[in-house]
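# Predicted model and sequence follow; I will ask about them next.
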Amino acid sequence: MDQNIAELIAVSRQYGKDKSFVIAGGGNTSFKDDNYIWIKASGAALETIDENGFVSLSREKLKIVSSRIYSQDAAQREAEVKADLAAAIVSSGNNRPSVETSMHEIIDYPFVVHTHPTLVNALMCSNNALSVCMELFGDQALFIPYTDPGYILFKKVETEIAKYTSQFGKAPQLIFLENHGIFVAGNTVTEIDEIYDSVMEKINRKIGEPLPSDKPKPFSSPVIENIERLNTGFQNFTAIGSESILTHLFSKDSASFLKADTAFTPDDIVYCKAYYLFIPAIANDQDQLESAKTLIAGYLKTYGYLPKVLVLEDQGVIAVEENLKSALNVLEVYTNILKISYLSEYFGGPKFMNKAQIDFIDNWEVENYRRKMAKS
């Protein structure tokens, strides 16, 4: 095995195994030489990735994505970009390259590690993201305001990298994406580790106290035990409940829940959908079930799909999914949402994605493909 690919696999697993950097199937990594780029396949898990989890593409053929004029229709545009990415593939197999391949391609360093760390997103998903980012990192970093993922984000980053390179005489190694995550680039994986360590240290200094414990404890509820009775769409679904000191901070009443009722990032939408349902406490079990049934019906009418996250007042969080693996992913991602919301208070409070941003992700074929891969 080529030494560079061996290092790419090692650094991918290193960050993929660390839940403070990568939740569920998020993040991607790459290595490139003069002619080719090797990038994580869409849907592959960083923590267990091997050679077969990467897609190799021709860098020369990838250049067409930068120069071509695509359709003004968002769905058609993304389909055209996907086709051009596929045409650049030189490796065998049926893996799809990450939708962020073109962004990795234009970052002018051999190794790139893109993750969604909880600490970073506590800053990136806050009201003061830009000002605090500039305070902490200054001209060491490039800050990109929220932009729809895919081609539009690629072109935005391409423009801003060109401006940065012109101003500072070198390409940025540190790129922050609002309501998304971070790209770190380097000539070696050691250099990437050093940059990540510095980023975490600087953000940690702005946080006054550690997170409340998120150590989970299962709980039972008539809602969990009777989930299939609440809507026929839940037939054969799995519901699991989890409570912790952290979850109780957000489930204690409806006002507390408002700080964690919507998605912060595209990955939240992939695994948990964009909106979460609060169910008030009712002492009588039958009344509780009828209340939950009514609220779920209203949710379905409003959003057109069933909720994956139910928050029971003064109890905890219930994840509802097709199988246990997917339900555990929902719990993991929603718990991370709670962490981000809590820590964002040190940076001006939480800033959620807006409806237009959410609608783009919900209807994007790429993210629907990732959902499908996550369930398999």
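Cool, got the structure. Model, not experiment: these values are computed from the prediction.
# Near Leu119, how many other residues are there?
22 (other C-beta atoms under 10 Å). In short, each C-beta sits where N, CA and C put it, glycine included.
# Can you name the residues that contact it?
Ser20, Met200, Ile203, Asn204, Ile207, Leu343 (C-beta atoms under 8 Å, 6 or more residues apart in numbering).
# Distance of the spatially most central residue of the chain relative to His104?
Most central in the chain under C-alpha atoms, centre = their mean is Asp267, positioned 2.9 Å from the mean C-alpha point. Computed as C-beta to C-beta, to the nearest Å, the Asp267 to His104 distance reads 17 Å.
# Where does the prediction get shaky in the stretch 1-150 of the chain?
Residues of the stretch 1-150 of the chain that meet the criterion pLDDT under 70 lie in 1.
# can you give me the helices in it?
Along the stretch 1-150 of the chain, counting by DSSP state H, counting those that start in this stretch, helices occupy 3-16, 59-67, 74-87, 101-106, 118-124, 129-137.
# picking that back up, with respect to Ser126, which of the contacts of Leu119 is nearest?
Nearest to Ser126 among the contacts of Leu119: Leu343, at 8.4 Å, using C-beta to C-beta.
# what about that closest one, which helix or strand?
Assigning secondary structure by DSSP states H and E places Leu343 in helix 324-344.
# Let me see the ranges of the helices in the stretch 151-300 of the chain.
151-168, 189-204, 222-225, 227-230, 245-251, 254-257, 266-272, 285-303.
# Most tightly packed of the ones you listed?
For the helices of the stretch 151-300 of the chain, average neighbour numbers computed from mean count of other C-beta atoms under 10 Å are highest in helix 266-272, which has a mean of 26.
# Show me how far that helix is from its chain's centre.
From the chain centre to the centre of helix 266-272 is a distance of 6 Å (C-alpha atoms, centre = their mean, to the nearest Å).
# neighbours of the residue nearest to Val120 when sequence neighbours are not counted, just the number please.
Among residues not flanking Val120 along the chain, Ile182 sits closest, at 4.9 Å (C-beta to C-beta, 6 or more residues apart in numbering). Other residues lying near Ile182 total 24 when counted by other C-beta under 10 Å.
# Ignoring the adjacent residues along the chain, who's closest to Tyr15?
Phe21 (4.7 Å).
# Report the contact partners of that neighbour.
Tyr15, Gly27, Thr115, His116, Pro117, Tyr196.
# Hmm, the fourth one is touching Ile23, no?
Yes: His116 is within contact range of Ile23, at 6.6 Å (criterion: C-beta atoms under 8 Å).
# Which residues are in contact with each of these two?
Counting by C-beta under 8 Å, 6+ apart, the shared contacts of His116 and Ile23 are Asp267.
# Against Phe219, how distant is Ile203?
If you go by C-beta to C-beta, the gap between Ile203 and Phe219 works out to 32 Å.
# any low-confidence regions in the stretch 251-376 of the chain?
Looking at the stretch 251-376 of the chain by pLDDT under 70, you get 364-376.
# redo that, cut-off 50
Confidence mapping of the stretch 251-376 of the chain against pLDDT under 50 gives the ranges 367, 369-371.
# Pop the domain breakdown of the chain in here.
With domains defined by automatic domain parsing, the chain comprises 3-204, 217-375.
# farthest residue from the center of the protein?
Asn284 (38.1 Å).
# any idea how far Ile227 is from it?
In this view, Asn284 and Ile227 are 18 Å apart by C-beta to C-beta.
# Return stretch 285-292 as PDB; C-alpha atoms alone will do.
What follows is stretch 285-292, C-alpha atoms only, in PDB (Å, rounded to 0.1, in the frame of the first residue of the first chain):
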ATOM      1  CA  ASP A 285     -50.900   7.000  30.900                       C
ATOM      2  CA  GLN A 286     -53.900   6.800  28.500                       C
ATOM      3  CA  ASP A 287     -54.200  10.600  28.400                       C
ATOM      4  CA  GLN A 288     -50.400  10.800  27.700                       C
ATOM      5  CA  LEU A 289     -50.800   8.400  24.700                       C
ATOM      6  CA  GLU A 290     -53.800  10.400  23.300                       C
ATOM      7  CA  SER A 291     -51.900  13.600  23.700                       C
ATOM      8  CA  ALA A 292     -48.800  12.200  21.900                       C
END
